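Chemist: just to be clear, the model below is a prediction. Sequence and coordinates:
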Amino acid sequence: MSDDLLPLPEFGTILLAREGRLLRITLNRPDAMNAVNLELHDELAAALWFAQNDAGSDVIVLTGAGRAFSAGGDLDHIENSARNPHLFDHEARVAKRIVLTLLDIDKPVVCRLNGHAVGLGATLALLCDVIFAAEGAKIGDPHVGIGLVAGDGGAVIWAQRIGLTRAKEYLLTGELLTASKAAEIGLVNHCVPAGELDEKVDAFCAKLLGGATMAIRATKLLTNLELKRLATALMDAGIAYESVSVRSADHLEAVLALKEKRAPKFIGR
């Protein structure tokens, strides 16, 4: 490592590694399918902020350890927020930072979607610039399935990838898509056999690393301007709506139903 580069920060739930001019960010709660608890949520914001300003990298790969990319919210963490909704206010602020930082990073961010990406996990993947998904992976945003508004970025990015009508279908039902279906409709860029995932991701990153860095970065910034405008317009309202839904009876009922392995009985409030 060059003496003028900052050392990589260490986190409890995220691994950072440099491979030449590539920075790899790995969500690292494999035993929990990289489900997002408070620690991972806070550390993700910090890791992305570091990546944005890291002078030692020109391309970023975002992936998950083990068999999942990220299974969404950690159930115990979700239950704690449902029972103590004032705690969600902090999470709401951090969620906005995560989305806006991902959109502000001028380096290409490649998603190595090694397994299921659900809820916030799906949002993280979809906010990346190019997504390579392994066959067998599923992706979706089932916020509504647990009585929550999809306010942490889903409403921003889904329609930009697949159009408003399709985005509404999947966000209003919370349906999960297979990686092959997601690639077919343009939600992700590529669906590849799991055994070829690293080869495809590495080859694409090598192409970027061999390109004209300044031109690539400026082109990314230009293509993200509309996304940033949308995020600025929608995130405050989205987080506010989600904060209200965190306090709803339907949300708590959905959490309890998950823990008790039964169907929820929603009452509409």
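Modeler: Sure thing, it's come through. Nothing here was measured: the structure is a model prediction, and the numbers come from that model.
Chemist: show me where the stretch 51-200 of the chain has helices.
Modeler: 75-83, 88-104, 120-127, 154-162, 164-173, 179-184, 197-209 (DSSP state H, counting those that start in this stretch).
Chemist: alpha carbons of the fifth one, as PDB, please.
Modeler: When you say that, I think you mean helix 164-173. Output in PDB follows, covering the C-alpha atoms of helix 164-173 (Å, rounded to 0.1, in the frame of the first residue of the first chain):
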ATOM      1  CA  LEU A 164     -43.100   2.800 -13.500                       C
ATOM      2  CA  THR A 165     -45.800   0.200 -14.300                       C
ATOM      3  CA  ARG A 166     -43.600  -2.800 -13.600                       C
ATOM      4  CA  ALA A 167     -42.100  -1.100 -10.600                       C
ATOM      5  CA  LYS A 168     -45.500  -0.600  -9.100                       C
ATOM      6  CA  GLU A 169     -46.400  -4.300  -9.700                       C
ATOM      7  CA  TYR A 170     -43.400  -5.500  -7.700                       C
ATOM      8  CA  LEU A 171     -43.300  -2.900  -5.000                       C
ATOM      9  CA  LEU A 172     -47.000  -3.100  -4.200                       C
ATOM     10  CA  THR A 173     -46.900  -6.900  -4.000                       C
END
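Chemist: run the angle between that helix and helix 120-127 for me.
Modeler: Between helix 164-173 and helix 120-127, the angle comes out at 160 degrees (axes from the mean of the first three to the mean of the last three Cα atoms, to 10 degrees).
Chemist: quick one: contacts of helix 164-173?
Modeler: 140-141, 143-144, 150, 154-155, 158-159, 161-162, 175, 177, 185 (Cβ atoms under 8 Å, 6 or more residues apart in numbering). C-betas here are computed from N, CA, C, even on glycine.
Chemist: which of those residues lies closest to Pro9?
Modeler: Comparing those against Pro9 with Cβ to Cβ places Gly154 closest, at 28.0 Å.
Chemist: now the closest one: closest residue in space that isn't a chain neighbour?
Modeler: If you skip the residues right next to it in sequence, Gly154 has Asp141 as its closest partner in space, 4.4 Å away by Cβ to Cβ, 6 or more residues apart in numbering.
Chemist: quick check: closest non-adjacent residue to Ala150.
Modeler: Nearest one to Ala150, counting by Cβ to Cβ, 6+ apart, is His143 at 4.1 Å.
Chemist: bridged to Leu177, which residues?
Modeler: Using DSSP bridges, the bridge partners assigned to Leu177 are Ile139.
Chemist: so what's the residue count around it?
Modeler: Using other Cβ atoms under 10 Å, Leu177 is surrounded by 20 other residues.
Chemist: likewise for the one 3 residues further on?
Modeler: Taking other Cβ under 10 Å as the criterion, the count of residues near Ser180 is 13.
Chemist: got the contact list for the nearest residue to Gly136 once chain neighbours are set aside?
Modeler: Counting by Cβ to Cβ, 6+ apart, Gly136 lies nearest to Ala194, which is 6.2 Å off, once chain neighbours are set aside. With contacts taken as Cβ under 8 Å, 6+ apart, Ala194 has the following neighbours: Asn114, Ala134, Glu135, Gly136.
Chemist: now Ala194: how far from Leu177?
Modeler: 17 Å (Cβ to Cβ, to the nearest Å).
Chemist: over to Leu113?
Modeler: Here the criterion is Cβ to Cβ. By it, Leu113 lies 12 Å from Leu177.
Chemist: for Glu43, which of the helices of the stretch 51-200 of the chain is the nearest?
Modeler: When these are ranked by proximity to Glu43, the top entry is helix 88-104, at 9.9 Å, counting by Cβ to Cβ.
Chemist: now Ala257: which helix or strand?
Modeler: helix 249-260 (DSSP states H and E).
Chemist: low-confidence ranges, the stretch 51-200 of the chain, go.
Modeler: When residues are selected by pLDDT under 70, none of them lie in the stretch 51-200 of the chain.
Chemist: mind listing what the residue nearest to Gly154 touches?
Modeler: Remark: with contacts taken as Cβ under 8 Å, 6+ apart, Asp141 is in contact with Val118, Gly119, Ala122, Thr123, Ala150, Gly154, Trp158, Tyr170, Leu171, Gly174.
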